[in-house]
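Engineer: Next input, structure requested:
(chains A, B, C and D)
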Protein chains: 2
Amino acid sequence: MMIESAMGGAMGGPKRGRTRERILDLTLALFNDRSPERVTTAEIARTAGINEGNLYYHFRTKESLVLALFARFEDEAGALADRGAPPSPGEARTYGEFLASWFAIVWRYRFLFRDLLALAAESPSLVEPIRALSGRMRVAVEALVRRMMADGLVVIPEEDLPAILANVWIVSTYWAVYLSLQEGVDRLDDTHLGWGLNQVSSLFRPYLTPSARDALFSASEPGDPPAV
Amino acid sequence: MMIESAMGGAMGGPKRGRTRERILDLTLALFNDRSPERVTTAEIARTAGINEGNLYYHFRTKESLVLALFARFEDEAGALADRGAPPSPGEARTYGEFLASWFAIVWRYRFLFRDLLALAAESPSLVEPIRALSGRMRVAVEALVRRMMADGLVVIPEEDLPAILANVWIVSTYWAVYLSLQEGVDRLDDTHLGWGLNQVSSLFRPYLTPSARDALFSASEPGDPPAV
DNA sequence: GTCTATACTCTGATAGAC
DNA sequence: GTCTATCAGAGTATAGAC
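Structural biologist: So this is what the prediction gives:
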């Protein structure tokens, strides 16, 4: 991510110590397509065009691949969470953009979310990081929503808030499963992100103040049906 | 379920051709606890107190165990879906009870929902049944909601309905993951069902007419926090 | 119906030459 | 850094006696 620019000259060889990154990239793609359990190290090596022994030079265990990808994800998600709410509080559109950023990250690393419990069970060292990150996002989302309330964009009874926040987490994590299963979408792509965003924003819709209804989520085109 | 009472006398031997059912029962428990992928046939046999060879007499493949359990689930879910909406339309409480029945079934067979996509990938013969059943429930839920609308319990703009129905599916399927991950509930049990029910009903809450707010979901005690 | 013994395959992982 | 073996273990499944 920030390593790219740190490399010296020598653009000659297509591989310049980048094998590791290449492996991670295509492993992410494979894991997203199926779960890690159903992707073998042999397949990863073959896809990378290298030998299995070589793969194990770069990653001594299969789990370390998952760990490395989680670290990548954590970097991106953490940066977003720390950045917290969007810079200009009054600007309604930015809320939607924050949500869109979060969605894009979750989408990029969606294999992590397909079966979080299984992931935690197989990589116990991930249990705490997962929980921590999940909690961090939960706090960020709550802060965001409270700012929306303070800005008068939305009116939510205090007692309704916890349930809504939990539903935001659930829907923003698992909308893709619904889409691929119920709507028969075999291979999801970026165009379906808008649909997921709409599902989440629909959780807030009944609470929106009239003025906010127009401004909010205008970036994600609320009414869009999935491009199936 | 209805076989129990059909058995003749001979209560002497604890096993009376029931080994198969016993296997299914404990396999369901094991699968619910971890996914099928992480439960071995050896473990199933050991838990059943029988030999592995014997297990293979009753179920020639591991997949047939999953298939048999899905068939069980399908029976229960199908019966509920066909029964459709509750008998007495005017009675608000019955809507909540229908939802509760659905929840109980999903809960009993929760391993099927933990990673539906993986399940479909590994048992291609389940793809259509899963999709069909999922669609059937979708229709049943929509009919239910429309009756609630007709009965004046709830007021939902037509354009909001599709998103809400999708969210009902998503939340009612994956609330348990949120609970165990975010709230740190290690072993979920029936007492947490109320929490899940509340999450789903909270999707309708802002649309409820004042009179319905009191009557509806009174069985599930809306405000209940999870008994963590 | 149940057990013993065994076969076969897949997969993650290691050792060591180049 | 990369490749060629090669291994050990797990896990599904079968054959056949009782």
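Engineer: Every contact and neighbour count from this point should use C-alpha atoms.
Structural biologist: Fine.
Engineer: Show me which residues of chain A are close to chain B?
Structural biologist: Residues of chain A lying near chain B by C-alpha under 8 Å from any C-alpha of the partner chain: A:34-35, A:114-118, A:131, A:134-135, A:160, A:163-164, A:166-167, A:169-171, A:174-175, A:177-178, A:181-182, A:198-199, A:202-203, A:206-207.
Engineer: Which ones among the residues you listed map onto helices?
Structural biologist: Under the assignment DSSP state H, the residues of chain A next to chain B contribute A:114, A:116-118, A:131, A:134-135, A:163-164, A:166-167, A:169-171, A:174-175, A:177-178, A:181-182, A:198-199, A:202-203 to helices.
Engineer: Now list the buried members of the residues you listed.
Structural biologist: Neighbour counting with 16 or more other C-alpha atoms under 10 Å in any protein chain shown marks A:114, A:116-118, A:131, A:134, A:163-164, A:166-167, A:169-171, A:174-175, A:177-178, A:181-182, A:198-199, A:202-203 as buried within those.
Engineer: any residue of stretch A:34-53 up close to DNA strand C?
Structural biologist: Yes - counting by C-alpha under 7 Å from any atom of the strand, contacts between stretch A:34-53 and DNA strand C involve A:Glu37, A:Arg38, A:Val39, A:Thr40, A:Thr41, A:Ala42, A:Glu52, A:Gly53.
Engineer: Got the domain ranges for chain A?
Structural biologist: Taking automatic domain parsing as the criterion, chain A consists of the domains A:14-58, A:66-220.
Engineer: Centroid-nearest residue for chain A?
Structural biologist: A:Val106 (0.9 Å; C-alpha atoms, centre = their mean).
Engineer: ok, that one - contacts?
Structural biologist: A:Phe113, A:Thr173 (C-alpha atoms under 8 Å, 6 or more residues apart in numbering or on different chains).
Engineer: Roughly how far does it sit from B:Pro162?
Structural biologist: From A:Val106 across to B:Pro162, the span is 23 Å (C-alpha to C-alpha, to the nearest Å).
Engineer: Dump the residues of stretch A:34-53 next to DNA strand C into a markdown table; add neighbour count and secondary structure as well.
Structural biologist: Shown next, in a markdown table, are the residues of stretch A:34-53 next to DNA strand C (neighbours: other C-alpha atoms under 10 Å in any protein chain shown; DSSP: H, G, I helix; E, B strand; the rest coil):
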| residue | neighbour count | secondary structure |
| --- | --- | --- |
| A:Glu37 | 14 | helix |
| A:Arg38 | 15 | helix |
| A:Val39 | 14 | coil |
| A:Thr40 | 12 | coil |
| A:Thr41 | 18 | helix |
| A:Ala42 | 14 | helix |
| A:Glu52 | 15 | helix |
| A:Gly53 | 13 | helix |
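Engineer: low pLDDT regions in chain A?
Structural biologist: Within chain A, the stretches with pLDDT under 70 are A:1-17, A:84-93, A:215-228.
Engineer: Spell out which residues of chain A are next to DNA strand C.
Structural biologist: Residues of chain A lying near DNA strand C (C-alpha under 7 Å from any atom of the strand): A:37-42, A:52-53, A:56, A:60-63.
Engineer: So which residues of chain A form helices?
Structural biologist: With DSSP H as the criterion, chain A has helices at A:19-33, A:41-48, A:52-58, A:62-83, A:93-108, A:111-114, A:116-122, A:127-150, A:161-182, A:193-204, A:210-215.
Engineer: Please list the outside residues in contact with the longest one.
Structural biologist: Taking C-alpha under 8 Å, 6+ apart as the criterion, the residues outside helix A:127-150 that touch it are A:74, A:78, A:81, A:84-85, A:89, A:95, A:120-121, A:154-156, A:165, A:169, B:181-182.
Engineer: Kindly report the same for the shortest one.
Structural biologist: Surrounding helix A:111-114, the residues in contact under the criterion C-alpha under 8 Å, 6+ apart are A:28, A:31-36, A:70, A:106, A:119, A:173-174, B:115.
Engineer: before we move on, what about the first one?
Structural biologist: Residues outside helix A:19-33 that contact it (C-alpha under 8 Å, 6+ apart) are A:Pro36, A:Val39, A:Ile44, A:Thr47, A:Ala48, A:His58, A:Leu65, A:Ala68, A:Leu69, A:Tyr109, A:Arg110, A:Phe111.
Engineer: of the residues you listed, buried ones?
Structural biologist: For these, a neighbour count by 16+ other C-alpha under 10 Å gives the buried set as A:Pro36, A:Ile44, A:Ala48, A:Leu65, A:Leu69, A:Tyr109, A:Arg110, A:Phe111.
Engineer: Most widely separated two among those?
Structural biologist: A:Ala48 and A:Arg110 (20.9 Å; C-alpha to C-alpha).
Engineer: re the thing from before, looking at the contacts of helix A:19-33, point me to the pair that's furthest apart.
Structural biologist: Among those, A:His58 and A:Arg110 lie farthest apart (C-alpha to C-alpha), at 23.4 Å.
Engineer: now stretch A:124-131, how far from the chain's geometric center?
Structural biologist: Mean C-alpha position of stretch A:124-131 versus that of the full chain (C-alpha atoms, centre = their mean, to the nearest Å) differs by 17 Å.
Engineer: cool, stretch A:59-74 as well?
Structural biologist: Worked out by C-alpha atoms, centre = their mean, stretch A:59-74 lies 16 Å from the chain centre.
Engineer: residues making contact with that stretch?
Structural biologist: So stretch A:59-74 is contacted by A:Leu24, A:Thr27, A:Leu28, A:Pro36, A:Thr41, A:Ile105, A:Tyr109, A:Leu112, A:Ser123, A:Leu126, A:Leu133 (C-alpha under 8 Å, 6+ apart).
Engineer: residues in contact with the fourth one?
Structural biologist: To tie it back to what came earlier, the one meant is A:Pro36. A:Leu30, A:Val66, A:Phe111.
Engineer: What is the nearest of those to DNA strand C?
Structural biologist: Minimum distance to DNA strand C across the contacts of A:Pro36 is 10.7 Å, recorded for A:Val66 (C-alpha to the nearest atom of the strand).
Engineer: how close does that closest one get to DNA strand D?
Structural biologist: According to C-alpha to the nearest atom of the strand, to the nearest Å, A:Val66 and DNA strand D sit 19 Å apart.
Engineer: Burial check on the nearest residue to A:Thr173 once chain neighbours are set aside, number of neighbours?
Structural biologist: Closest residue to A:Thr173 apart from its sequence neighbours, by C-alpha to C-alpha, 6 or more residues apart in numbering or on different chains: A:Phe113 at 6.7 Å. Neighbourhood size, A:Phe113 [other C-alpha atoms under 10 Å in any protein chain shown]: 16.
Engineer: Relative to A:Trp175, how far out is A:Phe113?
Structural biologist: A:Phe113 is 11 Å from A:Trp175, by C-alpha to C-alpha.
Engineer: Also A:Ser101?
Structural biologist: 16 Å.
Engineer: Please apply the same query to A:Val168.
Structural biologist: A:Val168 is 10 Å from A:Trp175, by C-alpha to C-alpha.
Engineer: now A:Ala212, nearest residue through space, not along the chain?
Structural biologist: A:Leu153 (5.2 Å).
Engineer: Sounds good, over and out.
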